[in-house]
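Colleague: for reference, the sequence and a predicted model appear below.
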Amino acid sequence: MGSREDTQEERENWHWRNSMRPVRFFNLDARAAAPFAVLLFYARPITLFLAVFLTIVFVLLERKGLTFDASLRAFRKWLLGQKRPGWAPFRRRKMVDYG
């Protein structure tokens with residue numbers, strides 16, 4: 001697999017490689033299945049439609065190359081716009097001219 005041969009110690013620590021991978025459910029990010037949890041508590045046709053629709057949207061976004069997190073960030077950027085400061089207006093530093 002690599003240029004060096006795997007030692008016993010490296011083989012014992014292989015599981016740490018996968019510790020930060022996202023949880024998948026039927027080849028879909030498990031967090032994208034959250035609308036189905038809402039469906040369990042509010043079982044209506046509109047909720048079923050929304051759950052299926054959102055799941056299809058996330059499948060299409062993953063095929064396009066956006067992960068679940070990246071698609072939520074892209075939606076937030078589209079909703080709020082380009083300028084989204086991290087500090088409240090009263091905490092931002094003012095421009096000072098020392099000339």
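Modeller: Now that the structure is in, tell me what you want to look at.

Colleague: can you tell me the centre-most residue of the protein?
Modeller: Nearest residue to the geometric centre of the chain (CA atoms, centre = their mean): residue 69, 1.5 Å.

Colleague: specify the local secondary structure of that one.
Modeller: Three-state call for residue 69 (DSSP: H, G, I helix; E, B strand; the rest coil): helix.

Colleague: against residue 8, how distant is it?
Modeller: 36 Å (CB to CB, to the nearest Å). Any C-beta I mention is one placed from the backbone N, CA and C, and that applies to glycine too.

Colleague: ditto for residue 22
Modeller: On the measure of CB to CB, residue 22 and residue 8 end up 29 Å apart.

Colleague: between these two, who's got more neighbours?
Modeller: Just comparing residue 22 and residue 8: by other CB atoms under 10 Å the higher neighbour count belongs to residue 22, 12 against 6.

Colleague: which residues does the residue nearest to that one when sequence neighbours are not counted contact?
Modeller: Nearest residue to residue 22, sequence neighbours excluded (CB to CB, 6 or more residues apart in numbering): residue 29, at 5.3 Å. Contacts of residue 29 were listed using CB atoms under 8 Å, 6 or more residues apart in numbering, and they are 22-23, 58, 62, 67-68.

Colleague: the same query, at a cut-off of 7 Å, please.
Modeller: Residues in contact with residue 29, defined by CB atoms under 7 Å, 6 or more residues apart in numbering, are 22, 58, 67-68.

Colleague: compare those and tell me which is most surrounded.
Modeller: residue 58 (22 neighbours).

Colleague: tell me which helix or strand it sits in.
Modeller: Using DSSP states H and E, residue 58 maps to helix 45-64.

Colleague: in that helix, what's buried?
Modeller: For helix 45-64, a neighbour-count test (16 or more other CB atoms under 10 Å) marks 47, 51, 54-55, 58, 61-62 as buried.

Colleague: got it, and stretch 21-33?
Modeller: Neighbour count says stretch 21-33 has 28-29, 32-33 buried, by 16+ other CB under 10 Å.
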